[in-house]
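Asker: A structural model of the following input is requested.
(2 chains)
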There are 2 protein chains.
Amino acid sequence: MEMNYSLIAERLKLRDDDIKRGFKRGIIGRIEYKGIPMITFRKKIKHVERGTTLFLNEDLDYVAGYPKIRRALVLNPTIKNYFIDKVVVEEKLDGYNVRIAKINDDVVAITRGGYICPFTTKKAIQILNTKFFEDHPNLMLCGEMIGLNNPYVPHYYEEVDRGWENLGFYIFDIRDRETNEPLSIKEKIKTCKKYNLPYVEPLGEFDKEDAHEYIKEIIDKLNAENREGVVLKDPDMAVNPIKYTTHKTQCGDLRVAFTFFYDLGVDFMFSRVVREGYQAYEFNEDDDTLKKRALDIGESILYPMVDTIKKIHNGERVTEDFEIVVDNEEDLKEFLEYSKKLHMQIIVKNMEKIKVDDEYKIKVKIGKIYSTTNDKVLSHLNGGLW
Amino acid sequence: MEMNYSLIAERLKLRDDDIKRGFKRGIIGRIEYKGIPMITFRKKIKHVERGTTLFLNEDLDYVAGYPKIRRALVLNPTIKNYFIDKVVVEEKLDGYNVRIAKINDDVVAITRGGYICPFTTKKAIQILNTKFFEDHPNLMLCGEMIGLNNPYVPHYYEEVDRGWENLGFYIFDIRDRETNEPLSIKEKIKTCKKYNLPYVEPLGEFDKEDAHEYIKEIIDKLNAENREGVVLKDPDMAVNPIKYTTHKTQCGDLRVAFTFFYDLGVDFMFSRVVREGYQAYEFNEDDDTLKKRALDIGESILYPMVDTIKKIHNGERVTEDFEIVVDNEEDLKEFLEYSKKLHMQIIVKNMEKIKVDDEYKIKVKIGKIYSTTNDKVLSHLNGGLW
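Answerer: The predicted structure is shown next:
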């Protein structure tokens, strides 16, 4: 189908000019999926969220981007000021945000950036009961794909371990695919139960006045279990959810950032240590606890950097490695082509046939290359000046 | 005198267009000193260094900006690759870079940014034998103003302590005021001795092949004494000097940056921790030493941040405080007007008459305000989301 700025603008309730300028400035990108051309929003334009994907099919079907979740730096008084009366606490899982919807008779899994990921789509279809979409074509399932065996955020979760693969999907919101209008938490859970869909179990519901005390305890417990944090929600979803994360998460983020420090260091570092500053202040730590936190921060920054420098000195190239399981070589090829289109630099490091029940699957180790870190460290080790 | 782009361009060996565009884009700024209009380069334009200051007097006298000193991230093989045969090691003092020159019959002290600082000018004239400039009007004295009692970089140095004031100036280069052509290190020292001018004493001269071993020892010693680092020079100044700093310096920089973290954190942080990464790697530290370094880094980041948050929670406004000694209220007023013109936000926190020999001077405590840190922390403590 031909691209018609006016029709797209009308469909999204934008002005023609927004669309025209969006394309010109690279904010709106053009891609395709299974031969159907689509456009995706790389940044928010007016009310249209970043990650919104519109199919250039007859109806100009689209899936709204997942709204940005803002962060509390201190639990108290943020919760008191922000919520209406009650606050529901859900665990924030450390994976990647996926919206699942049915478009053109296909169930697709869309990443935060607005791309249909073939790996995630195939896994989602295997995990989920897609009957849901027959009854609710206008809704999308928003959730977190988690586990060690995905190509984006590898973090081990015991609850999704199947031996040969550590991967799972948990729904946190059900929303109207176009308006982003969410179901209340009760309706969401009822719907998930009806279709036997996996969802994030609430950890509790509290009065907003003393919620921070309970949530601090929850955070301490999640931190001890090396889990990410919480998302705080109004029971009716009348205000946007907000998030809060654990010390271990901040340190884990720093460790990844400083393994590839010239690529990720600058952007990741500041926000993570600032979160630590507010948490240390609010948790009112004694000298020993504060010192332990400082040591964790310092080690999360220094150790991966020194490891990376040593490896590069020894002639290695540092990569971020992921192990994924695919059904066949075709699926792998499809994912590699997809990542190439998105300008991810990925190499296949190892492939291994594994037997799962009566079938064979392929376990693939892929490595994401961070060129800037590799090149700059090598240059500095050879005497290059800063 | 009227501003004539062509004459300025000719004088600086630039093209008219460079000057025109420089003004238009704010790279060249217009200021004045004692009624004489001047222009100053806020960034390097072609061969004209940042901080170059040109007086709009009859001769269009100018003082070249001090060239950027690049940094070694590892001592070995950087020194071997960079130098010709020998390398002279000078201590890098932790103060602020000043160029002193005589223009329009006035001896003036120019900061790195190209401004004539009235405080520094007056102190320099008191410290230095200005007879030098009568014999060498074409030369400038490049040096470091150091000590606790200056308005820019307060760092205590025992060797410049006079009881009522901790302040001193040490020359590290003598250069042609226009071309930046430096004297050799021998000539520089001879000249300083002749005029009884204070200079940075070399710590040693080494063959470039094994210099890194000696310099590592020097760095360990300077670090133990809480001093900044070294500048490495060719004896004839045939190549530009390079610098290398101690662990304590990196941590000290982080502590300042994280006291005012929303103003300075992002810019300062990354470079300092990266320096630590390379140093830890090169110094080949055992587990305990590496852990101690990590703890130092973590504490330098976390502790000042928590202190600042606590102070602001308690209703304080955080400022960076400096104590300076001025001869009279007139001098203080002149400095305050100067800092206002440069958009530094400074308040006077305390004034105290002190007796020095037979005269009275004024000890002034000034506070530099970092508005962004104060405002944002307050907002987050009141529940503002990130």
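
Asker: starting at the chain centroid, how far to stretch A:173-192?
Answerer: Averaging C-alpha positions (CA atoms, centre = their mean, to the nearest Å) puts stretch A:173-192 19 Å from its chain's average.

Asker: quick check: mean pLDDT of it?
Answerer: The predicted model assigns stretch A:173-192 a mean pLDDT of 98.

Asker: ok, and what's touching it?
Answerer: With CB atoms under 8 Å, 6 or more residues apart in numbering or on different chains as the test, stretch A:173-192 has contacts from A:49, A:62-64, A:66-67, A:88, A:99, A:101, A:132, A:136, A:138-143, A:171, A:197-199, A:202, A:233, A:235-237. All C-beta spots, glycine's among them, are computed from the backbone N, C-alpha and C.

Asker: end to end, how far does it reach?
Answerer: The first and final residues of stretch A:173-192 sit 10 Å from each other (CA to CA, to the nearest Å).

Asker: could you give me the buried positions within it?
Answerer: For stretch A:173-192, the neighbour count (16 or more other CB atoms under 10 Å in any protein chain shown) marks A:173-175, A:177-178, A:180, A:182-185, A:188-189, A:191-192 as buried.

Asker: likewise for stretch A:153-170?
Answerer: For stretch A:153-170, using 16+ other CB under 10 Å, the buried residues are A:V153, A:P154, A:H155, A:Y157, A:V160, A:E165, A:N166, A:L167, A:G168, A:F169, A:Y170.

Asker: tabulate these (JSON lines), appending distance to chain B and pLDDT.
Answerer: As requested, those are exported to JSON lines (distance: CB to the nearest CB, whole Å; pLDDT from 0 to 100):
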{"residue": "A:V153", "distance to chain B": "21", "pLDDT": "96"}
{"residue": "A:P154", "distance to chain B": "24", "pLDDT": "95"}
{"residue": "A:H155", "distance to chain B": "22", "pLDDT": "95"}
{"residue": "A:Y157", "distance to chain B": "26", "pLDDT": "96"}
{"residue": "A:V160", "distance to chain B": "30", "pLDDT": "97"}
{"residue": "A:E165", "distance to chain B": "35", "pLDDT": "97"}
{"residue": "A:N166", "distance to chain B": "30", "pLDDT": "98"}
{"residue": "A:L167", "distance to chain B": "31", "pLDDT": "98"}
{"residue": "A:G168", "distance to chain B": "29", "pLDDT": "97"}
{"residue": "A:F169", "distance to chain B": "28", "pLDDT": "98"}
{"residue": "A:Y170", "distance to chain B": "24", "pLDDT": "98"}
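
Asker: now do the same for A:N150: helix, strand or coil?
Answerer: The three-state assignment at A:N150 reads coil, by DSSP: H, G, I helix; E, B strand; the rest coil.

Asker: residues near it, how many?
Answerer: By other CB atoms under 10 Å in any protein chain shown, 25 other residues sit near A:N150.

Asker: thought it was touching A:Y96?
Answerer: Yes: at 7.1 Å, A:N150 counts as touching A:Y96 under the criterion of CB atoms under 8 Å.

Asker: break chain A into its domains for me.
Answerer: For chain A, the TED database gives the domain ranges A:5-60, A:70-245, A:248-314, A:319-369.

Asker: quick check: the residue in the stretch 251-386 of chain A that chain B sits nearest to vs A:V306, distance?
Answerer: Distances between the stretch 251-386 of chain A and chain B by CB to the nearest CB are smallest at A:G298, namely 3.0 Å. Taking CB to CB, to the nearest Å as the measure, A:G298 and A:V306 are separated by 12 Å.

Asker: give me the more crowded residue out of the two.
Answerer: A:G298 (28 against 23).

Asker: near chain B, which residues of the stretch 101-250 of chain A?
Answerer: Within the stretch 101-250 of chain A, the residues that sit near chain B (CB under 8 Å from any CB of the partner chain) are A:I242.

Asker: can you give me the helices in the stretch 101-250 of chain A?
Answerer: A:118-127, A:131-135, A:185-195, A:211-224, A:247-259 (DSSP state H, counting those that start in this stretch).

Asker: which helices and strands sit right next to the last one?
Answerer: Counting contacts by 3 or more CB pairs under 8 Å, 6 or more residues apart in numbering or on different chains; DSSP states H and E, helix A:247-259 packs against helix A:266-282, helix A:287-313.

Asker: how about a cut-off of 10 Å?
Answerer: Of the remaining helices and strands, those touching helix A:247-259 by 3 or more CB pairs under 10 Å, 6 or more residues apart in numbering or on different chains; DSSP states H and E are helix A:211-224, strand A:229-233, helix A:266-282, helix A:287-313, strand A:319-326, helix B:266-282.

Asker: ok, what's across the strand from the nearest residue to A:W386 once chain neighbours are set aside?
Answerer: Closest residue in space to A:W386, ignoring its immediate chain neighbours: B:R71 at 4.5 Å, by CB to CB, 6 or more residues apart in numbering or on different chains. For B:R71, the beta-bridge partners are B:K243 (DSSP bridges).

Asker: now the helices and strands packed on helix A:247-259 in JSON lines, with mean pLDDT and distance to B:A257?
Answerer: Output for the helices and strands packed on helix A:247-259, formatted as JSON lines (pLDDT from 0 to 100; distance: least, CB to CB, whole Å):
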{"stretch": "helix A:211-224", "mean pLDDT": "98", "distance to B:A257": "27"}
{"stretch": "strand A:229-233", "mean pLDDT": "98", "distance to B:A257": "26"}
{"stretch": "helix A:266-282", "mean pLDDT": "94", "distance to B:A257": "10"}
{"stretch": "helix A:287-313", "mean pLDDT": "98", "distance to B:A257": "14"}
{"stretch": "strand A:319-326", "mean pLDDT": "97", "distance to B:A257": "28"}
{"stretch": "helix B:266-282", "mean pLDDT": "94", "distance to B:A257": "4"}
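
Asker: what's the most buried one of the ones you listed?
Answerer: strand A:229-233 (a mean of 25; mean count of other CB atoms under 10 Å in any protein chain shown).

Asker: now it against helix A:266-282, angle please.
Answerer: Relative orientation of strand A:229-233 and helix A:266-282, computed by axes from the mean of the first three to the mean of the last three CA atoms, to 10 degrees: 80 degrees.

Asker: strand A:229-233 pairs with which strands?
Answerer: strand A:86-92 (antiparallel), strand A:242-245 (antiparallel).

Asker: how about the CA coordinates for the first one, as PDB?
Answerer: Okay, so that is strand A:86-92. Coordinates of the C-alpha atoms in strand A:86-92 are reproduced here as PDB (Å, rounded to 0.1, in the frame of the first residue of the first chain):
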ATOM      1  CA  LYS A  86      -4.500   2.400  47.700                       C
ATOM      2  CA  VAL A  87      -1.400   1.200  46.000                       C
ATOM      3  CA  VAL A  88      -0.900  -2.300  44.500                       C
ATOM      4  CA  VAL A  89       2.700  -3.700  44.500                       C
ATOM      5  CA  GLU A  90       3.700  -5.900  41.600                       C
ATOM      6  CA  GLU A  91       7.200  -7.300  41.200                       C
ATOM      7  CA  LYS A  92       9.200  -5.700  38.400                       C
END
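
Asker: can you pull the contacts of A:F258?
Answerer: By CB atoms under 10 Å, 6 or more residues apart in numbering or on different chains, the residues touching A:F258 are A:264-265, A:268-269, A:300-308, A:373, B:270, B:273-274, B:277.

Asker: ok, 7 Å please
Answerer: A:G265, A:I301, A:P304, A:M305 (CB atoms under 7 Å, 6 or more residues apart in numbering or on different chains).

Asker: same thing with A:L56?
Answerer: A:M1, A:M3, A:I36, A:P37, A:M38, A:I39.

Asker: so how far is A:I28 from it?
Answerer: 12 Å.

Asker: pull up the overlap in contacts between the two.
Answerer: Common neighbours of A:L56 and A:I28 (CB under 7 Å, 6+ apart) are A:I39.

Asker: need the helices and strands packed on helix A:247-259 in a markdown table (columns: distance to A:G384).
Answerer: Listed next are the helices and strands packed on helix A:247-259 as a markdown table, based on distance: least, CB to CB, whole Å:
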| stretch | distance to A:G384 |
| --- | --- |
| helix A:211-224 | 40 |
| strand A:229-233 | 39 |
| helix A:266-282 | 19 |
| helix A:287-313 | 13 |
| strand A:319-326 | 22 |
| helix B:266-282 | 11 |
